[in-house]
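Chemist: what shape does this take:
(one chain, ligands or ions: 1)
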Amino acid sequence: MSVVIVGAGQAGFQTAASLREAGFADPITLVGDEQTLPYQRPPLSKAYLAGKTDAEGLLLRPASYLAEHRIAHRLARGSAIDRDARRLILDDGTDLPYDQLVLATGSRNRTLPVPGADLPGVHQLRSLDDANALRAAIASAKNIVVVGAGFIGLEFAAVCAGRGLAVTVIEAADRPMARAVSMETADAFRIAHEAMGVVFQFRAGITAIEGHAGHAAAVATADGGRIPADLVLVGIGVVPNQELAERAELPVRDGIEINTFLATVDPAISAVGDCARFPTRFAAGMSRGDRVRIESVQNAIDQARCLAGRLTGRPVAYDAVPWFWSDQGRYKLQIAGLSGTGDGSVVRGGGDAFSVFRFRDGRLRAVESVNRGADHMAARRILALGRDLTPAEAADPAFDLKALATAR
Ligand code: FAD
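Modeler: As a prediction, the model looks like this:
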């Protein structure tokens with residue numbers, strides 16, 4: 001049985017590696033459109049951006065790994081799928097036969113639909129190439145504007161502010177990370193960033209990026225303001241790379257639709273990672289329904305492992321607890337579970353080390369931990385096991401979370 005994987009990022013690479021770990025001995029081809037060995041993205045907005053690690057430090061495995069594990073790496077772009085003939089057509093004119101095809105195409109950054117968004121000096125951050133361009137730009141930047149107060153924008157802002165650079169963050173919502181975290185966590189991060197010198201403009205829109213001598217020079221805001229900017233980072237979210245599936249007439253809706261076994265409607269085609277939309281009990285009671293698309297390393301790795309299990313004869317429904325982290329200045333944020341905007345909050349701890357427990361329909365659904373790694377680890381187990389925790393217990397510093405998480 002031959003397996004072809006489209007996308008050589010976190011999920012695609014892990015699928016190949018997990019197949020080999022599971023004893024799969026048949027051919028595996030990893031098709032990737034980035035001119036590099038598979039690498040991790042999280043450090044791009046953290047240690048790599050800050051110059052604390054080099055490109056080799058980003059690699060998911062040493063350069064010799066793929067050859068040693070007989071994983072063929074094709075530097076090409078998958079451009080079409082012939083489902084009847086079970087062939088993946090590549091943009092170099094060749095095609096690859098498959099018995100099982102895995103779509104691990106990830107996501108790409110949303111672009112800013114305003115004049116000037118394509119000027120030199122306007123950046124995004126998704127790939128190693130993007131990070132290299134940003135590292136070079138930061139070295140000579142004077143005024144930095146970040147569009148979007150999401151995780152990547154804020155991590156970038158923290159690295160720049162840490163170097164003493166002037167950073168303004170423009171955000172359409174009324175607080176940072178508004179879709180992803182509680183009011184309590186958002187406020188703490190706003191205050192921490194402001195203490196580093198970051199200036200926020202909330203409820204703000206951008207009408208144009210103005211240029212001077214062919215380079216970004218200022219950002220014009222909807223209220224008539226003008227913020228000097230020789231470096232603009234646009235971090236306004238991502239869209240799934242689902243076009244390959246869509247052209248092959250596989251169902252898509254903000255992601256490639258898969259079932260709990262990570263298969264599309266075509267039993268020979270699966271999808272994993274940022275590009276896939278799947279049902280999960282952890283989204284129960286959320287306004288957007290129980291199908292989600294998750295952009296995280298955890299999800300990419302766990303889905304890849306789960307899929308490798310099915311492809312080697314050990315099918316198990318995907319049921320991993322979602323978790324995520326973000327490093328911003330002196331704060332390490334760790335999130336377990338999935339929260340919605342209407343969820344209630346209970347805070348445990350305080351100051352620079354606290355956790356916010358999020359409740360929905362009377363049940364614990366997510367925990368946001370700031371500099372409290374032990375809470376995060378306990379929360380992952382409590383959520384996985386579906387243990388009951390009341391808001392009063394969560395808020396009680398004497399209540400033993402670890403005991404609840406580990407009790408038999
Ligand atoms: P990707 O890693 O994006 O890989 C998809 C690959 O497929 C890409 O190389 C793409 O070019 C390629 N591709 C797409 N279409 C085709 C095609 N047709 N043919 C061939 N190749 C194709 N997550 C966390 O949990 N914690 C963090 O702190 C964190 N920080 C992040 C910081 C940054 C700057 C970024 C960009 C992401 C961060 N993430 C973080 C998210 C995490 O990196 C992603 O969720 C993860 O990489 C998803 O893996 P993936 O394999 O689904 O997608």
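Chemist: roughly how far apart are whichever residue of the chain sits closest to the ligand and residue 260?
Modeler: Nearest residue of the chain to the ligand: residue 9, at 1.9 Å (CB to the nearest ligand atom). The way it works is simple: take the backbone N, C-alpha and C, and place the C-beta from them, glycine included. Per CB to CB, to the nearest Å, residue 9 is found 23 Å from residue 260.
Chemist: can you check residue 387 too?
Modeler: Residue 387 is 22 Å from residue 260, where distance means CB to CB.
Chemist: same thing with residue 110?
Modeler: Per CB to CB, residue 110 is found 28 Å from residue 260.
Chemist: hmm, who's touching the helix ranked longest in the chain?
Modeler: When the chain is parsed with DSSP state H, its longest helix is helix 297-311. Helix 297-311 is contacted by residues 1, 3, 9-15, 17-19, 21-22, 24, 40, 42, 100, 102, 104, 261-263, 270, 272-274, 276, 278, 315-316, 318, 320, 322-324 when judged by CB atoms under 8 Å, 6 or more residues apart in numbering.
Chemist: now swap in stretch 199-215 and tell me
Modeler: 112, 114-117, 119-122, 147, 149, 166-176, 190, 193-194, 216-223, 225-227, 229-230, 232.
Chemist: roughly how far is it from the heart of the chain?
Modeler: A distance of 25 Å separates the centroid of the chain from that of stretch 199-215, by CA atoms, centre = their mean, to the nearest Å.
Chemist: again with stretch 181-201
Modeler: 21 Å.
Chemist: quick one, strands of the stretch 101-250 of the chain?
Modeler: 107-109, 122-123, 143-147, 166-170, 199-201, 206-212, 215-221, 226-228, 231-234, 238-240 (DSSP state E, counting those that start in this stretch).
Chemist: which regions of this structure lie under the pLDDT threshold?
Modeler: Residue ranges of the chain with pLDDT under 70: none are present.
Chemist: spell out which residues of it are next to the ligand.
Modeler: Neighbours of the ligand within the chain, by CB under 6 Å from any ligand atom: 6-12, 31-34, 41-42, 44-45, 77-78, 104-106, 125-126, 152, 241, 244, 273-275, 295-298, 300, 324-326.
Chemist: so among the residues you listed, which ones count as buried?
Modeler: Among the residues of the chain next to the ligand, the ones that count as buried by 16 or more other CB atoms under 10 Å are 6-12, 31-33, 41-42, 44-45, 77-78, 104-106, 125-126, 152, 241, 244, 273-275, 295-298, 300, 324-326.
Chemist: out of these, list just those in helices.
Modeler: Short answer: those in helices (DSSP H) are 10-12, 152, 244, 297-298, 300.
Chemist: so residue 92 makes contact with residue 33?
Modeler: No: Residue 92 sits out of contact with residue 33 when judged by CB atoms under 8 Å, with a separation of 10.7 Å.
Chemist: which residues do these two both contact?
Modeler: Joint contacts of residue 92 and residue 33 (CB under 8 Å, 6+ apart) are residue 76.
Chemist: picking up where we left off before, are any of the contacts of helix 297-311 buried, and which?
Modeler: Buried among the contacts of helix 297-311 by 16+ other CB under 10 Å: 3, 9-15, 17-19, 24, 40, 42, 100, 102, 104, 261-263, 270, 272-274, 276, 278, 318, 320, 322-324.
Chemist: who touches the nearest residue to the residue of the chain closest to the ligand once chain neighbours are set aside in this structure?
Modeler: Nearest residue to residue 9, sequence neighbours excluded (CB to CB, 6 or more residues apart in numbering): residue 106, at 5.0 Å. Contact analysis of residue 106 by CB under 8 Å, 6+ apart lists 7, 9-11, 240-241, 273-275.
Chemist: want to throw the residues you listed into TSV with distance to residue 248?
Modeler: Shown next, in TSV, are the contacts of residue 106 (distance: CB to CB, whole Å):
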residue	distance to residue 248
7	15
9	20
10	23
11	19
240	15
241	13
273	18
274	18
275	13
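Chemist: quick check: the two most widely separated of the residues you listed?
Modeler: Maximum pairwise distance among the contacts of residue 106 (CB to CB): 14.3 Å, between 10 and 240.
Chemist: show me where the chain has helices.
Modeler: Assigned by DSSP H, the helices in the chain fall at 10-21, 55-58, 65-68, 128-140, 151-162, 183-195, 243-247, 297-311, 373-385, 391-395, 401-406.
Chemist: which of the residues in the fifth one are classified as buried?
Modeler: The reference is to helix 151-162. Buried-residue list, helix 151-162, by 16+ other CB under 10 Å: 151-161.
Chemist: next: the third one.
Modeler: In terms of neighbour count (16+ other CB under 10 Å), helix 65-68 has its buried residues at 65-66.
Chemist: from residue 190, how far off is the residue lying closest to residue 187 once chain neighbours are set aside?
Modeler: Excluding the flanking residues, the one nearest residue 187 by CB to CB, 6+ apart is residue 175, at 6.8 Å. Counting by CB to CB, the gap from residue 175 to residue 190 is 6 Å.
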